[in-house]
Structures are given as C-alpha cells and as structure tokens.
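Sharing a sequence plus its predicted fold:
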Amino acid sequence: MTDSGGSQALLRRHACLEAIAELLSGALVVTCIGGARAEWNHVKRVPDFTTYAMGLASSVGLGLALALPRRAVVAIDGDGAVLMNLSGLATIARTRPANLLHLVFDNECYESSGAGPTHTAAGLDLVAVADAAGYREAKWISSVDAFAAAVAQFLRSPTLTMLAVKVEPSSAAHVGGTPDNLEQKYQFIRHIEKLESIAILNSSLPAHMR
C-alpha cells in the first residue's frame, strides 16, 4: 500500500478510463451510477453493466467474479459509492476472488448530487480501509500511465486488487449513448453468454404457451 492519496496531483478520470478501455475489452465491467459510469460509457469497447443502487458495483462484481473465476471482472467505483457499502469491502476481502479488480476514482465529493464533500475530503483513506479489510493488493496510483500499467499487471497476474486514483470533479463532461437499465442488462447478459459460451437466458416459451 502506498501513502494516502491526499497529497497527490489530481488526475482526470476520463483520461484514466480512456487509457484502459482497450485493455478491458475481454473483461466483465460493472460500473457505479454517476460520473464514472457516464465517462466509461464514452470509451468502452464492449457491453458493461451499471448498478443503479449506489454502492453496489463492487458487490455485483464480487458475484460475477465468484461465478466466473476464469474471467477478469472489473468494478468501477467512486468514493461516495464505496462509502455507502463499506461492508462490501469486508465481504470481498473475506472471499478473495483473484479475478476481481476494484477501481476507485476519488474526487472527494458526491459529484452527481451537488458536489457535497465525502469523508475522503476529511482524510479518510479508502486504500487503507481495503488493505485493513484484507485485499491482496490496495494502492494509490498517481499517473495515467501508472494506472494503465497497474491494470495490465492485474490482467497478467490476477489477484484481488484495489487501485485508487485521486481525480478532479469532472461533472461527467464526456457522455456516450446510454441504454436504459433493462436494455443494458440484456446486452450484458448476451455478452457474457458469447464470451463464456454458456446459456443464461432461456427465451423458449413454456410448454403450455407453445
């Protein structure tokens, strides 16, 4: 674990996401609701899934990682979302799925609802929390290049990891076309079916309706 990210220069979240989009084209990506989701939607290469209950991206990512242990799973989170599900960090650390990468963009505010400060603005260190909970790796990243390199390293040698970055509040300036949550769910499931060569959805009618 590195020192707290509080003294680091702020990065641009969009630049970080853009740097890893191609790297994650073979991974399953879950995003939290808010600016991170909007900016990831602008650069992503394949279908992803957004949790509309704030704080649950890491928990959904955990479920996917446990269900598909040979597939890299990436949860893209913000500091406000992580703070709303701190118990999720303990559950993740207890189960320790090696294929789960937890990315946390810390802008020290609830950006989407008026930019009120989160606890990280007062010094709470989410990397220290993840480290204490039992993540195999938890560290602050201070440059876009280092961030992309750390993601690539995880993909080469998976181990339960949190990578956190201090970023500027960006108001989600880069927004791509966004499907509604129901459509996105089906796109994501079909994507998993194709990647894993498995059937998840059964579109056949029940016998009594044929």
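Sure, I can see it. Numbering: from 1, shown residues only.

who's in contact with the helix with the most length in the chain?
Within the chain, and with DSSP state H defining each element, the longest helix by residue count is helix 181-196. Contact partners of helix 181-196, identified using C-beta atoms under 8 Å, 6 or more residues apart in numbering, comprise 26, 28, 46-50, 52, 68, 71, 179, 198-201. Just so you know, the C-beta spots here come from the backbone N, C-alpha and C atoms, and that holds for glycine as well.

same thing but at 7 Å, please
With C-beta atoms under 7 Å, 6 or more residues apart in numbering as the test, helix 181-196 has contacts from 28, 46-50, 52, 68, 71, 179, 199-201.

same question, stretch 45-61
Stretch 45-61 has contacts (C-beta under 7 Å, 6+ apart) with 21-22, 25, 29-33, 37, 40, 73, 75-77, 81, 84-85, 88, 92, 100, 102, 181, 184-185, 187-188, 191.

rewinding a little: ok now the longest helix of the chain, how far from the chain's centre?
Per C-alpha atoms, centre = their mean, to the nearest Å, the displacement of helix 181-196 from the mean C-alpha position of its chain is 17 Å.

residue contacts, S170?
By C-beta under 7 Å, 6+ apart, the contact list for S170 reads R12, R13, H14, G35.

doesn't it fall inside a helix?
No. Going by DSSP: H, G, I helix; E, B strand; the rest coil, the assignment for S170 is coil, not a helix.

hmm, back to that, please indicate which of the contacts of helix 181-196 are buried?
Among the contacts of helix 181-196, the ones that count as buried by 16 or more other C-beta atoms under 10 Å are L28, V46, P47, D48, F49, T50, L68, R71.

In helices, which of those fall?
Per DSSP H, the subset of the buried ones among the contacts of helix 181-196 in helices is empty.

remind me which residues of this protein are low pLDDT?
1-8, 171-179, 203-210 (pLDDT under 70).

Would you map the helices across it?
Going by DSSP H, the chain shows helices at 13-20, 35-43, 57-67, 79-83, 86-95, 126-133, 144-156, 181-196.

returning to that earlier point: are any of the contacts of stretch 45-61 buried, and which?
For these, a burial check counting by 16+ other C-beta under 10 Å picks out 21, 29-33, 37, 40, 73, 75-77, 81, 84-85, 88, 92, 100, 102, 184, 188, 191.

Quick check: the spatially most central residue of the chain vs A164, distance?
The centre of the chain sits closest to I76, judged by C-alpha atoms, centre = their mean, with a distance of 1.6 Å. According to C-beta to C-beta, to the nearest Å, I76 and A164 sit 12 Å apart.

same deal with P97?
P97 is 19 Å from A164, where distance means C-beta to C-beta.

Looking at the two, which has the bigger crowd around it?
More neighbours surround A164 than the other of P97 and A164, with 29 against 20 (other C-beta atoms under 10 Å).
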